[in-house]
Structure formats: structure tokens, C-alpha cells
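Trainee: what's the 3D shape of this:
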Amino acid sequence: MSTSEKLINQLNEVLAGNPWYGPNVYDTLAKVGFEAAYEKPPGSIHNIAGLLLHMIAWTEEVIDRLNGKTASDPASGDWPETGAPDEQKWQNYVDDLKLVNVNLQGVISKFPDEQWSEQIDDQRGFTPVATYEELVQGLIQHHIYHLGQISLLLRITQIYE
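Mentor: Residues are numbered from 1 along each chain as shown. Here you go, the predicted structure:
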């Protein structure tokens, strides 16, 4: 199995499969109503909608890096503003996450196998600089991390209902 196939399988497992840690990203998001998505429980820094936009932004940044752009913060910002609560906008955010991950899978599938071990173009002074494979693995871990936060926020918002 190629590196691209392995990475796509790992990504799909987290997004829509049966990961060993519990529910996947898409099943969890399907349980989030738009009211809960915008609620910020006491003591919380972020709400679910904000976490989702952050995940989308970093997925776009990883796509840009895989396409040869120099590493930077996401074009839409690290933590894009969610705006006012809106049911259609929330559904668009969920759809955008799915679309950007489909786009990422397409880029991964076409990425040259011999380049996975090369270091990304990162002139920000971070050490160690990641390889392209580590970059995608890091994004998968990023998705898992924020899925945990979304799950906790969802549970807390249900307590306050």
C-alpha cells in the first residue's frame, strides 16, 4: 500500500469510519444542532462552530502546502469568525468540512510517493520542520483533538438545555 493510500485510509477512518476511540467526525457533527453549535458554555473559549471553522481553515492550509506553497497560517485565519447563529450557515460549515476533506483526499491521492519524506517549505523558523507525510498525519491528529473538544462541548450544551 502506498503512503497516499495509507494516509487516505487514516483520514477516512477519523472522518467517517469506525475509529477505535469512538464516534467519527461526521457522525458527531450530525448530532450537533445549530443552537448547540453556536453556544459557548461558561468557561469555554470556543464554540463548536468556531472549532469547525478552525478545522476547515487548517485543512485548506495543508492542501496549500501539499500544492507547494510556503507554510503559513491559513488564508482565512487561524480562528475564523463564526458570525451570528444561523441554521443554514451551520449546515454550510459542516458541508464545507466534508468538501475540503474530499479535496484533501484528491491532493493526497495525486501526491508523488517519492516526495512524502521531503520537508515542507516552512521558513517560519519552527524546528523540526515536518515532512509532507508528517504534515498530513498532524492534520489527522488535529481533527481528532478538535473532535474531542466538540464532543465535550456538545455534552455540556446538552446539560444546559
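Trainee: Taking the centroid of this protein, which residue is nearest it?
Mentor: For the chain, the residue sitting closest to the mean C-alpha position, by CA atoms, centre = their mean, is M55 at 3.3 Å.
Trainee: Surely it is in contact with I144?
Mentor: No: taking contacts as CB atoms under 8 Å, M55 lies outside contact range of I144: 10.5 Å. Every C-beta, even on glycine, is put in place using the N, C-alpha and C of the backbone.
Trainee: Tell me the secondary structure of the residue nearest to D122 when sequence neighbours are not counted, please.
Mentor: Take D122 and drop its neighbours on the chain: the residue closest to it by CB to CB, 6 or more residues apart in numbering is A71, 3.8 Å away. Following DSSP: H, G, I helix; E, B strand; the rest coil, the label given to A71 is coil.
Trainee: circling back: got the contact list for the residue nearest to the centre of the chain?
Mentor: The contact partners of M55, by CB atoms under 8 Å, 6 or more residues apart in numbering, come to 97, 142-143, 146.
Trainee: what's the average pLDDT for the lengthiest helix in the chain?
Mentor: If you go by DSSP state H, the chain has its longest helix at helix 132-159. When pLDDT is averaged along helix 132-159, the result is 94.
Trainee: Report the buried residues of that helix.
Mentor: Buried positions in helix 132-159, judged by neighbour count with 16 or more other CB atoms under 10 Å: 132-133, 135-137, 139-140, 142-143, 146-147, 149-151, 153-154, 156-157.
Trainee: pLDDT at the residue nearest to the centre of the chain, what is it?
Mentor: For M55, the pLDDT comes out at 98.
Trainee: where's it relative to N12, distance?
Mentor: Using CB to CB, to the nearest Å, M55 is found at 16 Å from N12.
Trainee: again with P41
Mentor: In terms of CB to CB, P41 sits 31 Å off from N12.
Trainee: element containing the residue lying closest to T157 once chain neighbours are set aside?
Mentor: With CB to CB, 6+ apart as the measure, A36 is the residue that lies nearest to T157, at 4.2 Å, once sequence neighbours are left out. Under the criterion of DSSP states H and E, A36 resides in helix 34-38.
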